[in-house]
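S.K.: Pasted the sequence and its predicted model underneath.
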Amino acid sequence: MDSTQDDKAVASVAGSMESAADFKEERALFKTGSNNDGMFTQLNSAQNDLILNYSLDTVTTLGIDVNYNFLKDYESDMNLIKIRYLSTKDASKIERDKWISDVFPYAENQCLNYFETYSVSSSSGHFDILIIGADDTSRACRFLKENYSLVKNRPKILLENRSDPKRRARALRSGFDDVFEFARTSKPEAICRLIAIHRRTKLTQETRRQHEKYDEIIAEILIEDAILTDAEYRVIKEIIHNNKKIISYERLQIIASRDVEPISLANLKVIISRLRRKIKRKFLIKSEAGYGYAIKSLT
């Protein structure tokens, strides 16, 4: 590669530093050696490293933080997530704790004591996400299993120095939601992964709360000792969810069948007939001829 091509490559990278996404695309362009219809030739490893290092030096000289625009969009989200970090005393503790302070500076730091549960209980204060830092995967997994009831509804992350597929699989089987290898996990990646895990957990919890709400309503409607089949439960839940609105036959046929072929209208009418016998007399599943069903209270 001649100096002209080098200058063009550096200018291309330096000119696209407005976002981390642009920077990533430029790096990918050089690392893959795409010829781009003949405009770029295949770069060998030495040339690739030379251009990337020079480009990074140029960006640093210009005082441009390539991660700033990317991370600032997540600052408000991170401030709402309370992290509790438990660290074991081992050879990687200093490096691991420094990584935590750099990536999650507002994390609450505590020492992991294998013989107590106060550090993971809500009595020691509220937290949204638990991070356990340890070189000994077996110890971290045992600690989590013994205290799982205290953190089962919170995301749990294992932070290690070195990891491998076998150790990660063991951690995930033990109840961890993810495993971070701090030596190889950048700040943007760690933040995005943590926010994604927290978002999925909130969605799961909201779904669980919705199920519990409907279960309570259904329990009030059913006569004593009445037991619903899966199809009956899905149908009555859908009718209750839409309150007094009429739900079409077609919609209820799909709901009753879940992921298989929709049941027939005749089968739906059998389900409705059984439900009418299982609900209390002060409630009525009303039929709208030629369209569907709705539930109403007679009191």
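M.R.: Sure thing, it's come through. Model, not experiment: these values are computed from the prediction.
S.K.: All the strands of this structure, residue numbers only.
M.R.: 83-87, 108-111, 129-133, 156-160, 178-181, 247-248, 283-288, 292-297 (DSSP state E).
S.K.: Outside of the first one itself, list whatever touches it.
M.R.: Same thing as strand 83-87. Applying C-beta atoms under 8 Å, 6 or more residues apart in numbering, the external contacts of strand 83-87 come out as 93, 96-97, 100, 104, 106-112, 119-120, 125, 127-134, 159, 194. (Each C-beta comes from the backbone N, C-alpha and C, glycine too.)
S.K.: Let me know the angle separating it from strand 129-133.
M.R.: Inter-element angle recorded for strand 83-87 and strand 129-133: 20 degrees (by axes from the mean of the first three to the mean of the last three C-alpha atoms, to 10 degrees).
S.K.: Now render the strands of the chain as JSON lines, adding distance to residue 149, mean neighbour count and mean pLDDT.
M.R.: Below are these laid out as JSON lines (distance: least, C-beta to C-beta, whole Å; neighbours: other C-beta atoms under 10 Å; pLDDT from 0 to 100):
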{"stretch": "strand 83-87", "distance to residue 149": "16", "mean neighbour count": "21", "mean pLDDT": "93"}
{"stretch": "strand 108-111", "distance to residue 149": "19", "mean neighbour count": "14", "mean pLDDT": "89"}
{"stretch": "strand 129-133", "distance to residue 149": "13", "mean neighbour count": "24", "mean pLDDT": "95"}
{"stretch": "strand 156-160", "distance to residue 149": "13", "mean neighbour count": "24", "mean pLDDT": "95"}
{"stretch": "strand 178-181", "distance to residue 149": "20", "mean neighbour count": "19", "mean pLDDT": "94"}
{"stretch": "strand 247-248", "distance to residue 149": "39", "mean neighbour count": "16", "mean pLDDT": "90"}
{"stretch": "strand 283-288", "distance to residue 149": "37", "mean neighbour count": "15", "mean pLDDT": "86"}
{"stretch": "strand 292-297", "distance to residue 149": "37", "mean neighbour count": "17", "mean pLDDT": "86"}
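S.K.: so what's residue 234 scoring on pLDDT?
M.R.: Reported pLDDT at residue 234 in the predicted model: 87.
S.K.: now the closest residue to it other than its chain neighbours: how far from residue 217?
M.R.: Excluding its sequence neighbours, the residue lying closest to residue 234 (C-beta to C-beta, 6 or more residues apart in numbering) is residue 255, at 5.1 Å. Separation of residue 255 from residue 217 (C-beta to C-beta, to the nearest Å) stands at 16 Å.
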